[in-house]
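Asker: make a model of this:
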Amino acid sequence: MKSFLAKILAFFVKKNIDNWANNPVKTQQKVFESLIAKAQNTQFGKDHHFSQIKTYADYAKRVPIRDYEGLKPYIQRVIDGQEDVLWQGKPLYFAKTSGTTSGVKYIPITRQSMPYHVEAARNAILCYINETQKASLVNGKMIFLQGSPILQEKNGIKVGRLSGISAHYVPKYLQKNRLPSWETNCIDDWELKVDKIVEETIAQNMSIISGIPSWVQMYFEKLVNASHKTIGELFPNFQLFIYGGVNYEPYRSRFESLIGRKVDSIELFPASEGFFAFQDSQKEEGMLLLLNSGIFYEFVKADEIFLENPRRYTIAEVEVGVNYALIVSTNAGLWAYNIGDTIQFVSTQPYRIIVSGRIKHFISAFGEHVIAKEVEQALREAIQDTDIQVNEFSVAPQVSPADRELPYHEWFIEFEQTPDDLLAFATKIDQSLQEQNVYYYDLRQGNILQQLKITPIKKDGFAQYMKSVGKLGGQNKLPRLSNDRILVEKLLSVVTK
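Answerer: Predicted coordinates:
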């Protein structure tokens, strides 16, 4: 009965999605007008003369692009207990996140914005069901590896990690299917938590597993070690892996080895600032940008984002293949807010995107501006049609190598088994980077850079590093790229102890 009803619901949800996806400009205009109207009497709205805003051009003139530091004076007033500052009333929650430059960040989530987080996660699964007609997965057990749902409080506003907040919104009809138990979910120590999750799930009929790939991989490895079976043998009805936060492709070969077969996957693009996109098709590339979810989008070309007045583009003006910084205005009270992620459109009918990296996560020590999408694709091409499995990796520049060598990019890779010929493997990656990035190509051909080098990292080395900096598990992600060697020097000091 549950799977039958899921198919019916999936049909109607997909029909509604198609309605707004086929009218993107009109949909975004309605969202824009609604946001401006509802925030007119807030302190931010008064300071920026929302009552006089009639068009998007008016808005762009009055509201500059800000990051967290730029919006922080308003957020601090909300934290202090003031109402009607960024949005009507007070937020329901603050999603607590770790910033690279701002320390701890408190991102507001309101009564109007929270339902869209829940709805988007549900609709991603329903789109999958509608397309594949594989509805039996709703009868099995589901798990989402997430942070603790225990919340604190600041002046009447609950505070916690987004994934922990979301745990309070699991629909009643799924609560019997959901694992782990509430008690296990509340464990802070990640290694202890995963061990308890293994105990609770090893004998269950798991059909959906969700989480950041690196932490799900840890869970899978512990299951395999405990059961001496592949994940596919342990969970014969495991049909769907749902992930977000990082690209799955570098992990795919290792996952398929642990599972013992291929499993369908859905990519999500959730953030504390909003749920921006999800993969709506197994046949098409990219994730559907959610244009009808209380979020108005602007886009700035990534190489212009640090200009004083960069050109801002709306959904009607974007182009496929261009690297854009994502700017959002939301019904949680964020206004022209730079979330720090970069995206590229792979389609404009409908608008589908891929996440290409982070504004501050790149290598351009020599003017090459290599981004996450490029290193991930290079690695994927290098391991294609091989038995090589990569557990984790990060890349940093080596600006001043010893013995008067030319500088180079250094790749720190944790292999399941180290390749027999590391030099040949490095050559494949290097050639792919040259093909993708013309600046890197010029530096290599001009003998400014030498071929990249690979430094193997011992098994679980990256997990040890993340633990040493207090970011083991949950929604924490390892940066793929650094423009300096701070991260990798700390990594090396940990793994060589």
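
Asker: can you show me the helices along the stretch 1-150 of the chain?
Answerer: For the stretch 1-150 of the chain, the helices defined by DSSP state H, counting those that start in this stretch occupy 2-21, 24-38, 43-47, 56-62, 68-79, 114-132.

Asker: including distance to residue 401 and mean neighbour count, could those helices go into CSV?
Answerer: (Each C-beta comes from the backbone N, C-alpha and C, glycine too.) CSV is the format used below for the helices of the stretch 1-150 of the chain (distance: least, CB to CB, whole Å; neighbours: other CB atoms under 10 Å):
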stretch, distance to residue 401, mean neighbour count
helix 2-21, 50, 15
helix 24-38, 49, 17
helix 43-47, 50, 17
helix 56-62, 46, 15
helix 68-79, 35, 17
helix 114-132, 45, 20
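
Asker: wait, which of these is closest to residue 467?
Answerer: When those are compared by CB to CB, helix 68-79 sits nearest residue 467, at 26.0 Å.

Asker: ok, which of the helices of the stretch 1-150 of the chain comes nearest residue 335?
Answerer: helix 43-47 (6.2 Å).

Asker: quick one: contacts of that closest one?
Answerer: Residues outside helix 43-47 that contact it (CB atoms under 8 Å, 6 or more residues apart in numbering) are 36, 39, 40, 51, 74, 77, 82, 84, 85, 86, 333, 335.

Asker: what score does residue 361 have for pLDDT?
Answerer: Listed pLDDT for residue 361 reads 78.

Asker: weed out the non-buried ones from the contacts of helix 43-47.
Answerer: Neighbour counting with 16 or more other CB atoms under 10 Å marks 36, 39, 40, 74, 84, 85, 86, 333, 335 as buried within the contacts of helix 43-47.

Asker: tell me the contacts of the last one?
Answerer: Just to be clear, that refers to residue 335. 39, 44, 48, 63, 66, 71, 86, 329.

Asker: rerun at 10 Å
Answerer: 35-36, 39, 42, 44-45, 48, 50, 59, 62-66, 70-71, 74, 86-87, 296, 327-329 (CB atoms under 10 Å, 6 or more residues apart in numbering).

Asker: ditto for the fifth one
Answerer: The neighbours of residue 84, taking CB under 10 Å, 6+ apart as the test, are 39, 41, 42, 43, 44, 45, 46, 78, 90, 333.

Asker: ok, which pair from the residues you listed is furthest apart?
Answerer: So, the contacts of residue 84 by CB to CB: farthest apart are 46 and 90, at 17.4 Å.

Asker: quick check on residue 207: phi, psi?
Answerer: phi -120, psi -30 (degrees, to the nearest 10).

Asker: for residue 345, list each beta-bridge partner.
Answerer: Judged by DSSP bridges, the bridge partners of residue 345 are residue 320, residue 353.

Asker: so it makes contact with residue 317?
Answerer: No: under the criterion of CB atoms under 10 Å, residue 345 makes no contact with residue 317, lying 11.0 Å away.

Asker: joint contacts of the two?
Answerer: Common neighbours of residue 345 and residue 317, using CB under 10 Å, 6+ apart, are residue 299.

Asker: doesn't residue 268 lie inside a strand?
Answerer: Yes: with DSSP: H, G, I helix; E, B strand; the rest coil as the criterion, residue 268 is part of a strand.

Asker: any idea how far residue 416 is from it?
Answerer: 26 Å (CB to CB, to the nearest Å).

Asker: neighbour-wise, which of those two wins?
Answerer: Taking neighbours as other CB atoms under 10 Å, residue 268 and residue 416 compare with residue 268 leading, 19 against 15.

Asker: gap between that one and residue 212?
Answerer: From residue 268 over to residue 212 (counting by CB to CB), the distance is 11 Å.

Asker: give me the common contacts of these two.
Answerer: Counting by CB under 10 Å, 6+ apart, the residues touching both residue 268 and residue 212 are 243, 244, 245.

Asker: in strands, which of these fall?
Answerer: The strands, defined by DSSP state E, take in 243, 244 from these.

Asker: so which of the shared contacts of residue 268 and residue 212 wins on neighbours?
Answerer: Those, ranked by neighbours (other CB under 10 Å): first place residue 244, 25 neighbours.

Asker: for that one, list the residues it contacts.
Answerer: Contacts of residue 244 (CB under 10 Å, 6+ apart): 121, 124, 210-213, 266-271, 275, 277-279, 287, 355, 475, 477.

Asker: one more time with 8 Å, if that's ok
Answerer: 212, 267, 268, 269, 270.

Asker: where in the protein is pLDDT low?
Answerer: Within the chain, the segments meeting pLDDT under 70 span 98-103, 173-174, 474, 497.

Asker: the spatially most central residue of it: what's it in contact with?
Answerer: Most central in the chain under CA atoms, centre = their mean is residue 245, positioned 2.4 Å from the mean C-alpha point. Residues in contact with residue 245 (CB under 8 Å, 6+ apart) are 212, 213, 475, 477.

Asker: of those, which is the nearest to residue 400?
Answerer: Lowest distance from residue 400 to these (CB to CB) belongs to residue 477, with 28.6 Å.

Asker: so that closest one is in which element?
Answerer: For residue 477, there is no enclosing helix or strand under DSSP states H and E.

Asker: returning to what we had before: can you redo the contacts of residue 244 as TSV with distance to residue 142?
Answerer: Below are these laid out as TSV (distance: CB to CB, whole Å):
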residue	distance to residue 142
212	16
267	17
268	14
269	20
270	16
